[in-house]
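Engineer: turn this into a model:
(one chain, ligands or ions: 1)
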Amino acid sequence: MEIEAITDLNPAPRLLLGPGPSMVAPRVLRAMATPLVGHLDPQFLEIMSEVQQLLRYVFQTQNELTIPVSGTGSAGMEAALCNFIEPGDRVLVAINGYFGTRIYDMAGRYGAVVDKLERPWGEVFDPEEIEAALKGKNYKLLALVHAETSTGALQPHIAEIAAIAHRHGALLLLDVVTSLGGLPVEIDAWDVDIAYSASQKCLSAPPGLAPLTVSPRARQVLARRKTPVANWYLDLTLLTQYWGQERTYHHTAPISMNYALREALRLVVEEGLEARFARHRQNAEALWQGLEALDLPLLVPPQHRLPTLTTPLIPAFADDAGVRRRLLDEFNIEIAGGFGPLKGKVWRIGLMGFSSRLENVVLLLGALQRLLS
Ligand SMILES: *Cc1c(COP(=O)(O)O)cnc(C)c1O
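Structural biologist: Coordinates of the predicted model:
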């Protein structure tokens, strides 16, 4: 292509109803256009403290070490692992979907001896089987995905699982990427040690920051490390000097993304957590009913269904990619297909943050009805 042919940026306006990114509120986009200040400007240091305070609210925690990691959700995942793993440490990962597999892969790269506890995609774990797997194995860390975006299943019993992990001397690491800001995530009440999320799912900011929170128990494990953290960029012993009292330079904070996250979190506070969770649930229920009325049964049974990500089974007569392409081309609506064992079997429909609105549900159901009839 001739370089002169690269013209103004003007993508068609999409309705984002996939597994993320979700729609971004106009207020958040406006905040991103705020002129920059430096990453050590006293005004920015104040903004950092505000972002931390807002993050503690949404995580429902008093954890002092609560920060937005620079990078997407996977950077949060990586930070949650690399800081607590030393070569030879034993780690147990509960895998019932794609993101559990990614945790397993990452933990191994930091030298952990990793075991998996597996369930078919779409199912969830019982506390009893987790306890049986932990018993007598001296695991340092148990990792679990709260909301599996690849399957639409919500892992229950987190407080019980945390108590089991602690009884067996392990920390509990929880991926809350597709739950934080969309359904209850109670870090302190559940006694979760390490949790991370992503800015672009239920918090509805653009991708680029990964909220992370670390309990005092996990900080002790970090302080007792014998080897340096194998990842310099995500090393919390260095990052806490920037996000803590000292405010010493580590890397340049993504200023505009912090503006965006701050505004997105202010929207969460204005709405209130309870009202926000109720909205996500109500709109999800409207979607579930509508899909079932279209003869699209759902993969996950109601008691384990994630309100933020729904997985209808694709009917035998429908063309998976073809329907998604027409949704995009004719209705400007983005949803996603399945992957791994669910490829070609389910669609993935996200109702996260600013995307979770009844008018979006009605529009998608209407479009699907036309395309499937
Ligand atoms: C999206 C997602 C991630 C990874 O986040 P990226 O922002 O894509 O790096 C991790 N875990 C879960 C459950 C997710 O849905």
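Engineer: what residues does the stretch 151-300 of the chain have near the ligand?
Structural biologist: Taking Cβ under 6 Å from any ligand atom as the contact definition, the stretch 151-300 of the chain meets the ligand at Asp175, Val177, Thr178, Ala198, Pro207. Any C-beta I mention is one placed from the backbone N, CA and C, and that applies to glycine too.
Engineer: look up how far Gln289 lies from the residue lying closest to the first one once chain neighbours are set aside.
Structural biologist: Take Asp175 and drop its neighbours on the chain: the residue closest to it by Cβ to Cβ, 6 or more residues apart in numbering is Val145, 4.3 Å away. Distance, Val145 to Gln289, by Cβ to Cβ, to the nearest Å: 27 Å.
Engineer: same question for Val346.
Structural biologist: For Val346, the distance to Gln289 - Cβ to Cβ - is 18 Å.
Engineer: next: Val361.
Structural biologist: Taking Cβ to Cβ, one finds Val361 at 10 Å from Gln289.
Engineer: more crowded one of those two?
Structural biologist: Taking other Cβ atoms under 10 Å, Val361 and Gln289 do not tie; Val361 has more neighbours (24 against 12).
Engineer: may I have the phi/psi pair for that one?
Structural biologist: In terms of degrees, to the nearest 10, the main-chain angles of Val361 are phi -60, psi -50.
Engineer: contact partners for the closest residue to the ligand within the stretch 151-300 of the chain?
Structural biologist: Residue nearest to the ligand within the stretch 151-300 of the chain: Val177 (3.5 Å; Cβ to the nearest ligand atom). Residues near Val177 by Cβ atoms under 8 Å, 6 or more residues apart in numbering: Gly20, Gly73, Gly76, Phe99, Ala147, Thr149, Tyr196, Ser197, Ala198, Lys201.
Engineer: buried only: go through these for me.
Structural biologist: Neighbour-count burial (16 or more other Cβ atoms under 10 Å) is assigned, among the contacts of Val177, to Gly20, Gly73, Gly76, Phe99, Ala147, Thr149, Tyr196, Ser197, Ala198, Lys201.
Engineer: need those residues in JSON lines with secondary structure, can you?
Structural biologist: Below are these laid out as JSON lines (DSSP: H, G, I helix; E, B strand; the rest coil):
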{"residue": "Gly20", "secondary structure": "coil"}
{"residue": "Gly73", "secondary structure": "helix"}
{"residue": "Gly76", "secondary structure": "helix"}
{"residue": "Phe99", "secondary structure": "helix"}
{"residue": "Ala147", "secondary structure": "strand"}
{"residue": "Thr149", "secondary structure": "coil"}
{"residue": "Tyr196", "secondary structure": "strand"}
{"residue": "Ser197", "secondary structure": "coil"}
{"residue": "Ala198", "secondary structure": "coil"}
{"residue": "Lys201", "secondary structure": "coil"}
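Engineer: name the nearest of those relative to Leu239.
Structural biologist: Gly76 (12.1 Å; Cβ to Cβ).
Engineer: report the contact partners of Ile314.
Structural biologist: Leu296, Asp320, Val323, Gly344, Lys345, Val346, Trp347.
Engineer: and what of Ser356?
Structural biologist: Ser356 neighbours (Cβ under 8 Å, 6+ apart): Gly182, Arg279, His280, Asn283, Ala284, Thr308.
Engineer: thought Trp243 was touching Ile47?
Structural biologist: No: using Cβ atoms under 8 Å, Trp243 is not in contact with Ile47, being 11.9 Å away.
Engineer: now the residues of the stretch 151-300 of the chain next to the ligand in JSON lines, with pLDDT and secondary structure?
Structural biologist: Formatted as JSON lines, those follow (pLDDT from 0 to 100; DSSP: H, G, I helix; E, B strand; the rest coil):
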{"residue": "Asp175", "pLDDT": "98", "secondary structure": "strand"}
{"residue": "Val177", "pLDDT": "98", "secondary structure": "coil"}
{"residue": "Thr178", "pLDDT": "98", "secondary structure": "coil"}
{"residue": "Ala198", "pLDDT": "98", "secondary structure": "coil"}
{"residue": "Pro207", "pLDDT": "98", "secondary structure": "coil"}
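Engineer: and which of the residues you listed is nearest Ile335?
Structural biologist: Thr178 (14.8 Å).
Engineer: how much space between the closest one and Asn231?
Structural biologist: Per Cβ to Cβ, Thr178 is found 24 Å from Asn231.
Engineer: OK, contacts around the residue in the stretch 1-150 of the chain positioned nearest to the ligand?
Structural biologist: Relative to the ligand, the nearest point of the stretch 1-150 of the chain is Gly73 (2.4 Å; Cβ to the nearest ligand atom). Contacts for Gly73 (Cβ under 8 Å, 6+ apart) come out as Val177, Tyr196, Ser197, Ala198, Gln200, Lys201, Pro207, Ala210.
Engineer: closest to His304 among those residues?
Structural biologist: Relative to His304, and with distances defined as Cβ to Cβ, the nearest of those is Val177, at 17.5 Å.
Engineer: which among the contacts of Ile314 end up buried?
Structural biologist: Buried subset of these (neighbour count, 16+ other Cβ under 10 Å): Leu296, Val323, Lys345, Val346, Trp347.
Engineer: Gly337 is in contact with the third one, correct?
Structural biologist: No: when contacts are counted by Cβ under 8 Å, Lys345 is not listed as touching Gly337 (9.1 Å).
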